[in-house]
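Enquirer: Next one to model:
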Amino acid sequence: MVFAALADGREASVFLEALATPPLMVIVGATHVGQALAPLAKSVGYRVVVADPRSALADRERFPLADEILLMWPDEALARLRLGASTAVVILAHDAKFDHPALVAALRSDAGYIGAIGSRTTNEQRFTWLREQGFGVRDIARVYAPIGLDIGAGTAEEIALSILAEVVAVRYRRSGRSLSTETLATAR
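Expert: Numbers count the residues shown, from 1 in each chain. You can find the predicted model right below:
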């Protein structure tokens, strides 16, 4: 409760309730992994936005829990959103014509997490391309690629879980290591 003085000199009791803005996850590329990731991210409190210009992929049928679906190119979609320290940009398109503009827009923002799906070879090519675009070592180090924690994921759902685990670990500045590591070491 806060006491406030009114213009006429009387006091009034005012009740304030602070509501934190939920963290934002932008899924770039309406892929199968994105379909699996969206409900997982929602379940842990993220506001989920899917960005993909392909209306055949980015629709309510495939992403029923998404807070918003932006049928636009990734750079345009990211420019429309307020990307801050609690924002995760998850690039899943697997296509340079989507991935490259998304990476550039994300790197020019304050997004706290930027991840890109793809093999080590694909990501090395991306990093080379980013250097050619003028991005430095510090910029490129912001990109988590290959995306996700190494949990042996094989299915879209497992890959989504590994991505979300990494996003949460980065958000809370944790390593993602096994919690049982120390217990196992002292039990021997």
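Enquirer: And the strands in this protein?
Expert: Secondary structure of the chain (DSSP state E): strands located at 2-5, 11-14, 24-28, 47-51, 68-70, 87-91, 113-116, 143-144.
Enquirer: Export those strands to CSV and append columns for distance to Pro101.
Expert: C-betas here are computed from N, CA, C, even on glycine. What follows is these, written out as CSV (distance: least, C-beta to C-beta, whole Å):
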stretch, distance to Pro101
strand 2-5, 46
strand 11-14, 46
strand 24-28, 9
strand 47-51, 10
strand 68-70, 13
strand 87-91, 10
strand 113-116, 12
strand 143-144, 14
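Enquirer: How about the most centrally placed residue in the chain, nearest residue that isn't a chain neighbour?
Expert: By C-alpha atoms, centre = their mean, the chain has its centre lying nearest to Ala88, at 2.2 Å. Distances taken as C-beta to C-beta, 6 or more residues apart in numbering place Tyr113 nearest to Ala88, at 4.0 Å, with adjacent residues excluded.
Enquirer: got any ranges where the protein has weak pLDDT?
Expert: 1-7, 14-16, 18, 182-188 (pLDDT under 70).
Enquirer: In it, which helix is the longest?
Expert: For the chain, the helix with the greatest residue count under DSSP state H is helix 156-171.
Enquirer: what angle separates it from strand 24-28?
Expert: 140 degrees (axes from the mean of the first three to the mean of the last three C-alpha atoms, to 10 degrees).
Enquirer: what packs against helix 156-171?
Expert: helix 32-43, strand 87-91, strand 113-116 (3 or more C-beta pairs under 8 Å, 6 or more residues apart in numbering; DSSP states H and E).
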